[in-house]
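Undergrad: just need the structure, nothing else, for what follows:
(2 chains)
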Number of protein chains: 2
Amino acid sequence: MKKQINIAIVGLGQVGIFLYNEINNKKKDIELKTGRKINIVGISAKNKNKKRRFKINKKIFFTNPLNIIQNKKIDVLFECIGLSDGISLRVVEKALKNKINVITPNKALIAKHGDYLSKLAERKNTNLEFEASVAGGIPILRTIKEGLATNKIHKVFGILNGTTNYILSEMEKTGENFNKVLKKAQFLGYAEPGNPKFDLNGLDAFAKVRILSALAFNNLISKKKCIMEGIEKIDIKDIKIANQLNLRIKLLGISEMINGKLFETVHPCLVGKNTYIGNVNGVMNAVITQGKPVGESIFQGEGAGPGPTSSSLLSDLLSILRGNKKYPFGISYVKRKIVKPFNNNNYTNSLYLRFEVKDKSGVLSKITNRLAKFKISIKRIIQTPDKKNNKATIVIITHKTSEINSKKCLSVFRKDRDILQFPTLIRLY
Amino acid sequence: MKKQINIAIVGLGQVGIFLYNEINNKKKDIELKTGRKINIVGISAKNKNKKRRFKINKKIFFTNPLNIIQNKKIDVLFECIGLSDGISLRVVEKALKNKINVITPNKALIAKHGDYLSKLAERKNTNLEFEASVAGGIPILRTIKEGLATNKIHKVFGILNGTTNYILSEMEKTGENFNKVLKKAQFLGYAEPGNPKFDLNGLDAFAKVRILSALAFNNLISKKKCIMEGIEKIDIKDIKIANQLNLRIKLLGISEMINGKLFETVHPCLVGKNTYIGNVNGVMNAVITQGKPVGESIFQGEGAGPGPTSSSLLSDLLSILRGNKKYPFGISYVKRKIVKPFNNNNYTNSLYLRFEVKDKSGVLSKITNRLAKFKISIKRIIQTPDKKNNKATIVIITHKTSEINSKKCLSVFRKDRDILQFPTLIRLY
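TA: Numbers count the residues shown, from 1 in each chain, chains lettered A, B, ... in the order given. So this is what the prediction gives:
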């Protein structure tokens, strides 16, 4: 690799602009660690004149990011736009085709087009790096690809979305409801002000699960529809009841090989307050790997914000500047397997079920009879009357049962007039 | 790098023999991930005929490890003997001089001769890798060198010795005393049967602290005498009292830049039971880094045993087979700095002091007066009489004070006939 390296940054949002500033500040340190002189020669964003946290050099600004590739000799391009398709895809594609190394924190793009783009990168003998796409400042992809490279990993799971973890922690701490805490999260910059949907509904975490699976199990990215639930339906009531039960609600992303089949999911879980994962609070992310012979390893760090993201983006840059050529997913595209998906219906868990019912005799027995019919045995029942409104809340913790069984069992309550709303279901971890 | 790679393993103790077996089992996986075919062509140990967990190929056995280098074309040599000098040093030295890549879990060797050996490796354009020397299965060195490469780290600390962490956890759990639990640890293979001294007195953890400092702060390995205390003097009494105070005793290794000066230490600490570090129990290791812009990151995994160690040794092997050339300490030898050491006398902590005293009037006031004279203010006192023996135990938790001050203050009690033994001091974290 040559001594002088030209860099382009496409997208100057929160992450892009922080990165721009970091690179300019750390030129000397990077030269010390890699022997290369770096220089940002092209930047691009939607709006040239938008007010930004750090001042940009407008002389190197391009309105159309594709023109940077056309007009400048770029060695490394950072894609920080963040779309799963569109201009994000076009920029990365064009860069790789021109043998320009690409670094991106864009999990949506990688989860959707990672196989195609990694194939392209490999064919062009060029690097495509995306450490920052999963778990912000935690170098978890590098750890799986390199640090734990020869272990047989059978499970990777954790808290992969800082926004939802902040909201759940804050709801518990303040007793405030979801909407109020969401507004606070938006004000603090932890949730997107415009459309926070993809954080809240689990899609962001799910993209990360897909990427982790591909790395941990050396498979092509699965396209299968999976159980994906977000936190939008988590009621402050559930958080308070969980608290009484010495439990806490966390949005977990899980990827696991079960009897040689791949199971991927994202959903809220009830976890013990005295467990490790139960104590990862606020915007923190945590990833847990289980493998042989290494055993269980835990990686925790800040999962959101431009600082941690930028830390990972620069680790990718250093890897490239040090001359490392790498397969984007650890092994060659042609060696990555198509894995069989696990049947979601067979996913089994203990369940937390909350029923809001009319406070009249026979309702509880109606529920317990229905559960018995489906052989769902009950571990614990807590009934709390609300005399004033002639209502009651019944919480049932069940023993383990399968998805399909619980779904069938609960379906009947959709039409029951004594059951005031469809029961809330949260899986226990 | 050529397609066919010859490997030597020197030292066939617990780690060496497990590694030997792993390499033979994972040849295919390693070829898949690196494109290289590997072959063990030379092994060496003290005793050819010793009973081992896995069978060895005696045809490739060398009594003198130096002869492997002489007689075989070796590409990668694993040093698994574990001495800080002697034959360990001679083998590594000779290998590097012959441009043979070296991988070792030997923290004693690296902490003592790492600067010299890394210089040698660099001059020969050869790799010297030692991921397994710190925190077993946690790829923490790689993470600092690569994953967090451009962060300004100011502190690295954690539980770096699995043996002592097991002993402390087990003492708390069973209420048994140090010697009894040590025997159990030896029986289970967590502590060396012959001479467990270097684990117990903190030296093992200290070697790891030195290596972590060198990586995190880009300095040459410090040779300065530091505060190093082991767990040999931890009494079951202290563990029980800590328990009542909702605290737990952990042996921490700490490396920190304080006002541009390097502070390194290993000593037992009292940590809160509800803190993260307070819940890392058994043989687990944990390393916490604090840096900018990434914030605090936590890495936890099994710290002892041949499985995790072998996981790290093989990650080093894969890095070499993938053709990565690396500076052993992240940056070139000539760029590593000599840092000024922090003055240990100025290290400040809240203290836990346990006095065993004669149960007579005036003793407590003698102690408190002495503390007051040295401006050590008291946060909490717990006095427990032992009427039968006419004794009492006085535990004092102080506000923060410096090492030199507490040392001077306590010195007087060495000769006091009312104080039955020199007070036990444990620092609060």
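Undergrad: from what I see, A:Met228 and A:Ala207 are in contact.
TA: No - at 10.5 Å, A:Met228 does not count as touching A:Ala207 under the criterion of Cβ atoms under 8 Å. In short, each C-beta sits where N, CA and C put it, glycine included.
Undergrad: can you report phi and psi for the residue nearest to the spatial centre of chain A?
TA: In chain A, the centroid-proximal residue (Cα atoms, centre = their mean) is A:Ala205; its distance is 2.3 Å. The phi/psi pair for A:Ala205 (degrees, to the nearest 10) reads phi -60, psi -40.
Undergrad: what do you get for the one 10 residues further on?
TA: When quoted as degrees, to the nearest 10, the phi and psi of A:Leu215 stand at phi -80, psi -40.
Undergrad: what mean pLDDT does stretch A:218-228 get?
TA: For stretch A:218-228, the mean pLDDT works out to 94.
Undergrad: may I have it exported as CSV, CA atoms only?
TA: Output of stretch A:218-228 as CSV, limited to C-alpha atoms (Å, rounded to 0.1, in the frame of the first residue of the first chain):
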residue,chain,number,x,y,z
ASN,A,218,-20.0,-18.9,8.5
ASN,A,219,-23.3,-18.9,6.7
LEU,A,220,-24.8,-16.7,4.1
ILE,A,221,-27.1,-14.1,5.5
SER,A,222,-30.5,-15.7,6.2
LYS,A,223,-33.6,-14.2,4.5
LYS,A,224,-36.1,-16.1,6.5
LYS,A,225,-39.0,-14.4,8.3
CYS,A,226,-38.4,-14.7,12.0
ILE,A,227,-40.0,-13.8,15.3
MET,A,228,-39.3,-10.1,15.6
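Undergrad: buried residues in it, which are they?
TA: With burial defined by 16 or more other Cβ atoms under 10 Å in any protein chain shown, the residues of stretch A:218-228 counted as buried are A:218-222, A:226-228.
Undergrad: ok, stretch A:332-347 next?
TA: In stretch A:332-347, counting by 16+ other Cβ under 10 Å, buried: A:332-333, A:336, A:339, A:342, A:344, A:347.
Undergrad: would you list the residues you listed in a markdown table and tack on secondary structure?
TA: As requested, these are exported to a markdown table (DSSP: H, G, I helix; E, B strand; the rest coil):
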| residue | secondary structure |
| --- | --- |
| A:Ser332 | coil |
| A:Tyr333 | helix |
| A:Arg336 | coil |
| A:Val339 | coil |
| A:Phe342 | coil |
| A:Asn344 | helix |
| A:Tyr347 | coil |
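Undergrad: which one of the residues you listed is nearest chain B?
TA: A:Ser332 (8.2 Å; Cβ to the nearest Cβ).
Undergrad: isn't the closest one up against A:Asn125?
TA: No - A:Ser332 lies out of contact with A:Asn125 (Cβ under 8 Å); the separation is 11.8 Å.
Undergrad: all strands of the stretch 251-400 of chain A, in order?
TA: A:261-272, A:284-292, A:295-302, A:348-349, A:351-358, A:378-386, A:391-398 (DSSP state E, counting those that start in this stretch).
Undergrad: which stretch among these comes nearest B:Ile81?
TA: Across the strands of the stretch 251-400 of chain A, B:Ile81 has its closest neighbour in strand A:295-302 (24.8 Å, Cβ to Cβ).
Undergrad: let me see the mean pLDDT of that closest one.
TA: According to the model, strand A:295-302 has a mean pLDDT of 93.
Undergrad: who does it touch, helix- and strand-wise?
TA: If contacts are counted by 3 or more Cβ pairs under 8 Å, 6 or more residues apart in numbering or on different chains; DSSP states H and E, strand A:295-302 sits against strand A:284-292, strand B:295-302.
Undergrad: packed most tightly, which of the ones you listed would that be?
TA: Comparing the helices and strands packed on strand A:295-302 by mean neighbour count (mean count of other Cβ atoms under 10 Å in any protein chain shown), strand B:295-302 comes out on top with a mean of 24.
Undergrad: run me through the strand neighbours of it, direction for each.
TA: If you go by DSSP bridges, strand B:295-302 pairs up with strand A:295-302 (antiparallel), strand B:284-292 (antiparallel).
Undergrad: would you list these in CSV and tack on distance to B:Ile241?
TA: Shown next, in CSV, are those (distance: least, Cβ to Cβ, whole Å):
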stretch, distance to B:Ile241
strand A:295-302, 30
strand B:284-292, 24
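Undergrad: can you check the pLDDT for the residue of chain A most remote from its centre?
TA: Ranked by distance from the centre of chain A (Cα atoms, centre = their mean), the top residue is A:Ser361, with 44.6 Å. In this model, A:Ser361 is scored at 88, pLDDT.
Undergrad: distance of it relative to chain B?
TA: Distance, A:Ser361 to chain B, by Cβ to the nearest Cβ, to the nearest Å: 44 Å.
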